[in-house]
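[1] Compute the structure for the input listed below.
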Amino acid sequence: RKVKPKKKKVTINMLRAEAERYMDRVNNVQGVDDHCPVFDSCCEVRRKITQFLKKEGVTKSSFTRSIQVNHKSLNCFLAGVKQLQSGNCTYRAGYVFFERMRIMEGVPKNPERIENEQKMAFGFNTKPYKASKVQRNLITYGMC
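    Below you'll find the predicted structure:
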């Protein structure tokens with residue numbers, strides 16, 4: 001009679017530890033300065049963050065620790081519309097994280113990114129933006 005080897009149970013803690021090791025590897029990638037120009041829009045960075053948070057073992061808490069921002073900044077950024085959150089520290093930190101991840105995985109730049117690099121030598125504006133309530137409504141509802 002053959003004895004079957006026991007399969008190792010994959011626990012939530014194991015998945016979280018693996019995700020944290022992955023984020024550490026991403027953060028250790030060289031060649032991307034923390035203050036490099038940002039060539040992805042806020043919408044694109046939000047999309048990447050949302051997709052990344054859906055991976056097994058990745059939590060908002062572990063992600064915020066990895067990119068060194070707090071939960072409130074992340075939540076404000078994710079709730080933002082268009083470029084209104086361009087001054088949020090999560091925008092630059094998220095962009096740098098995903099740029100390092102792109103380099104680590106050997107993924108080429110997408111056409112939109114290349115176009116942004118050609119159009120804007122200094123990238124998107126990442127300075128804090130104070131919009132009035134009227135301006136926010138115009139931008140939110142697509143009137144601007």
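[2] Quick one: neighbours of the closest residue to residue 58 other than its chain neighbours, just the number.
    Nearest residue to residue 58, sequence neighbours excluded (CB to CB, 6 or more residues apart in numbering): residue 19, at 4.6 Å. To be clear about C-beta, it is placed using only N, CA and C from the backbone, and glycine gets the same treatment. Per other CB atoms under 10 Å, the neighbour tally for residue 19 reads 19.
[3] how near is residue 19 to residue 59?
    Relative to residue 59, residue 19 is positioned 8 Å away (CB to CB, to the nearest Å).
[4] so which strand or helix has the residue nearest to residue 58?
    helix 12-27 (DSSP states H and E).
[5] buried sites along that helix?
    16, 19, 20, 22, 23, 26, 27 (16 or more other CB atoms under 10 Å).
[6] how close does residue 90 sit to residue 97?
    10 Å.
[7] Which one of these two is surrounded by more residues?
    Taking neighbours as other CB under 10 Å, residue 90 and residue 97 compare with residue 90 leading, 27 against 24.
[8] I'd say the more buried one and residue 71 touch.
    No: contact between residue 90 and residue 71 fails when scored by CB atoms under 8 Å: they sit 10.1 Å apart.
[9] From the centroid of the protein, which residue is nearest?
    The residue lying closest to the centre of the chain (CA atoms, centre = their mean) is residue 94, at 3.4 Å.
[10] residue contacts, residue 125?
    Applying CB atoms under 8 Å, 6 or more residues apart in numbering to residue 125 gives the contacts 83, 86.
[11] same deal with residue 91?
    38, 42, 45, 77, 85, 126.
[12] quick one: the helices in the protein?
    With helices called from DSSP state H, the chain shows them at 12-27, 42-53, 60-67, 71-79, 89-105, 111-119, 133-140.
[13] could you dump the ones you listed to CSV with distance to residue 4 and mean pLDDT?
    Below are these laid out as CSV (distance: least, CB to CB, whole Å; pLDDT from 0 to 100):
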stretch, distance to residue 4, mean pLDDT
helix 12-27, 21, 88
helix 42-53, 36, 92
helix 60-67, 34, 91
helix 71-79, 44, 89
helix 89-105, 36, 91
helix 111-119, 49, 87
helix 133-140, 58, 55
